[in-house]
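with the input below, show me the fold.
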Amino acid sequence: MNFRLCDYNPETAAPHSDNGCGSHTDYGTFTIIFQDGTSGLELEGANAPGTWTPIPGDATVILTDWCAVVPSGGRISTARHRVRRVLGVRRLSAVLFVAPDLVVPLKPLEGVLPVRMFSDMVMREDMDVDTFKQVMGKRWRYREGNGEMINGEGTTQDGEIEAFIWA
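So this is what the prediction gives:
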């Protein structure tokens, strides 16, 4: 588990940007977001990519993540989300990330037939949670502007992860 306080402070934002946190999915099993009453969190429509639904600022939100998708055989999907800034408004959220132990193989549960074909790495059980977390982290650091990519400059974080997971 990892507990993080996210401070979307207008003093540290780019002056003309409404991006508090770009669209992404999380690596763990699920994420719980406790908000301070300030709007900004948005969820992408599962059946309508590119369509964003604002979540009330006083709602507590539970999101499903990649480490739930794989064991479920793809029956559970990730929840793509983002945070939009409101000019001049500070927003705080407390986020609890829950994930399996790092040594756990990332694979479908025994007896679960995937509804979609996973990559060979997943099906051979050659990937543990730590390896997957490192791939997600690499893309996160690049997306947030404090890491460099050698290959895949034009690839989105989620695009690379989906290629890593799905066949």
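
got a list of what Asp130 touches?
Asp130 makes contact with 102-103 under the criterion Cβ atoms under 8 Å, 6 or more residues apart in numbering. Just so you know, the C-beta spots here come from the backbone N, C-alpha and C atoms, and that holds for glycine as well.

which stretch of helix or strand covers it?
Asp130 belongs to helix 129-143 when assigned by DSSP states H and E.

now that helix: mean pLDDT?
Taken as a whole, helix 129-143 carries a mean pLDDT of 76.

and the next helix or strand past it?
Toward the C-terminal end, the helix or strand that comes next after helix 129-143 (DSSP H and E) is helix 157-165.

lowest-pLDDT helix or strand in this structure?
The helix or strand with the lowest mean pLDDT-type score in the chain, counting by mean pLDDT, DSSP states H and E, is helix 129-143 (a mean of 76).

Phe30 versus the nearest residue to Leu102 once chain neighbours are set aside, what's the distance?
In space, Leu102 comes closest to Asp130 once its chain neighbours are excluded; the distance is 3.7 Å by Cβ to Cβ, 6 or more residues apart in numbering. Distance from Asp130 to Phe30, counting by Cβ to Cβ, to the nearest Å: 18 Å.

ok, now Val104?
For Val104, the distance to Phe30 (Cβ to Cβ) stands at 15 Å.

which one of the two is surrounded by more residues?
Shown here are Val104 and Phe30; by other Cβ atoms under 10 Å, Phe30 has more neighbours (17 against 14).
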